[in-house]
Each structure stands twice: as structure tokens, then as C-alpha cells.
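> fold the following and give me the result.
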Amino acid sequence: MLAIPTLCWLCALPLRIAVHGLCSRCLRHIPRLPALCPRCGLPASGNAPCGRCLRQPPRWDSLTCVSDYRPPLSDWVLQLKFTRATALRVMLARLLLLKLLTMRRAGHLPSLDFVLSVPLHRQRAWQRGYNQAALLAQPVAHWLGCDYRDGLRRIRHGAAQHSLSARARKSNLRGAFRLEMPVRGRHILLIDDVVTTGSTVAEICRILLAQGASSVHIGCLCRTL
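Numbering: from 1, shown residues only. Got it, this is the predicted structure:
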């Protein structure tokens, strides 16, 4: 029997390399990002830290995203999170990897010691059946040649972040996370699916840096611009 070819997630035509998930034509048609600040990941005029970061830098050292929160990435994120479309993980992780390698070539991403993912509370992870950020982080760590570590826990189950205002998001995260591994002197990549206000990753960065991490870098599929 002949194997059935895997189809492109966007145009549904057969793929030459099935694990890529997207054909080369569709990959070129992923919406281009504007010039972004390598530190905060928001629109900027050049490839250096923007004025916002010079005045008040975020807790992390760099932020890499694949897309603004818009189709097709936003559609894929929703499918991954809410419809159990875990087959998307390799294609989405590869898109993030390509962006991370670009950041590394530009000198904004050092050699990493390990990769972490933003955790879900055990109740939400049980309801969903998996942590979508971990599904992305595991192949990215493998391709970058470093370990994936399951060393973060969400110990307080607050309201869903997307339902809250920016101010409420910060208070919702106080005391929400616990670190269960040593990080002193380490360069860490923290992966999430979507970064909106940055409150979640900022709180985790605060914990990591307080425990002596040398640097923390953020990787996400979508950054709300």
C-alpha cells in the first residue's frame, strides 16, 4: 500500500516533506511582521531596543514571535488549545524555530541551557488533556540542541488571563507560579503560545531572575501588537 501524503495545513495540497506542515509557497505567504524591537517584541523603527525598553525594559532579555494575533496563526492557536488539534504542534514549533534562529543570527539570542514552557494549573491541564506551550517547547528544545525542563508549576488557579484587563492580569498572577529546579547562571528560553500584555511571562521571569538566572528569552507564536 502507498502511504497517503500529508497535506499542507493552509492550502491542503500534498507535501514533499510531511513534517514541515506547510508547503514552501504557503510558508512565504505567512503575513510578514513589521519591524519589531528585539527586546519587547513590539513595533519599532529599527533592530535595536526601542525607546520604551530604554526607559523601562521588560524583565526578559528578548522576545521572538511568529506573527501578530491574526489568521492563520491565531486560528491555529485556537485549534491547538481548544479542539485538541495536537497534530499542529510540529508545524507551529518549526515556524517558531525559524524565527528563533533568525534572532540568534542577529545576535539577540545566546546559546541556551534549557527550555521551559508556561505551565497550566493542574485542573486546566486535566480539562484540556495537555499543555499547549509544552507541546511547542519540546520539539523546539530538541532542534536547538538543549533540554526541555518541566520545572515550573502553576499553583494557584485564577481566572483565565484573556478575560481580564491589563491591571487585573497582574494581580491575578501574584503567587501563581512556583519554580522547582535550580536556574542560577543559566540562559533560559521560555515558550508560550500567545503573549498579549506580557504579564504572565513577566511574572515567571521575575521568579527566574530572582533565583539567579543569567537571562530569560521569550518565544511565542503570536504577540499582540
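> any stretches of this protein with poor pLDDT?
Across the chain, the ranges flagged by pLDDT under 70 are 1-5, 158-171.
> can you give me the strands for it?
In the chain, the segments counted as strands under DSSP state E are 62-67, 114-117, 147-148, 152-154, 177-179, 187-195, 215-223.
> columns mean neighbour count and distance to residue 17 on top of those, output as TSV?
Placement of C-beta: from N, CA and C, glycine included. Below are those laid out as TSV (neighbours: other C-beta atoms under 10 Å; distance: least, C-beta to C-beta, whole Å):
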stretch	mean neighbour count	distance to residue 17
strand 62-67	24	19
strand 114-117	24	24
strand 147-148	15	23
strand 152-154	19	33
strand 177-179	16	38
strand 187-195	24	23
strand 215-223	24	21
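> any chance of a markdown table for the ones you listed, columns distance to residue 98?
Output for the strands of the chain, formatted as a markdown table (distance: least, C-beta to C-beta, whole Å):
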| stretch | distance to residue 98 |
| --- | --- |
| strand 62-67 | 8 |
| strand 114-117 | 16 |
| strand 147-148 | 19 |
| strand 152-154 | 25 |
| strand 177-179 | 29 |
| strand 187-195 | 14 |
| strand 215-223 | 11 |
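> so which of those strands is nearest residue 123?
Nearest to residue 123 among the strands of the chain is strand 152-154 (9.5 Å), distances taken as C-beta to C-beta.
> quick one: contacts of the closest one?
With C-beta atoms under 8 Å, 6 or more residues apart in numbering as the contact definition, strand 152-154 has outside contacts at 116-122, 176-180, 204.
> between those, which is nearest residue 37?
For the contacts of strand 152-154, the nearest to residue 37 is residue 204 (20.1 Å; C-beta to C-beta).
> so what's the closest one up against?
116, 118, 152, 177, 190, 216.
> Serialize these to CSV and add fields for distance to residue 75.
Converted to CSV, the contacts of residue 204 look like this (distance: C-beta to C-beta, whole Å):
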residue, distance to residue 75
116, 26
118, 21
152, 28
177, 29
190, 24
216, 29
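> my read: residue 132 touches residue 80, true?
Yes. Look at residue 132 against residue 80 with C-beta atoms under 8 Å: they come within range, at 5.1 Å.
> picking up where we left off before, farthest-apart pair in the contacts of residue 204, please.
Greatest spatial distance in those: 177 and 216, 13.1 Å, computed using C-beta to C-beta.
> make CSV from the contacts of strand 152-154 and add distance to residue 108 to it.
Shown next, in CSV, are the contacts of strand 152-154 (distance: C-beta to C-beta, whole Å):
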residue, distance to residue 108
116, 19
117, 21
118, 20
119, 25
120, 28
121, 32
122, 34
176, 28
177, 25
178, 29
179, 25
180, 28
204, 19
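> out of these, who's nearest residue 144?
The closest of these, once distances to residue 144 are taken by C-beta to C-beta, is residue 116, at 12.8 Å.
> I'd like the distance between the closest one and residue 48.
27 Å (C-beta to C-beta, to the nearest Å).
> mind listing the shared neighbours of residue 132 and residue 80?
Common contacts of residue 132 and residue 80 (C-beta under 8 Å, 6+ apart): 89, 193.
> how close does residue 24 sit to residue 151?
Distance from residue 24 to residue 151, by C-beta to C-beta: 37 Å.
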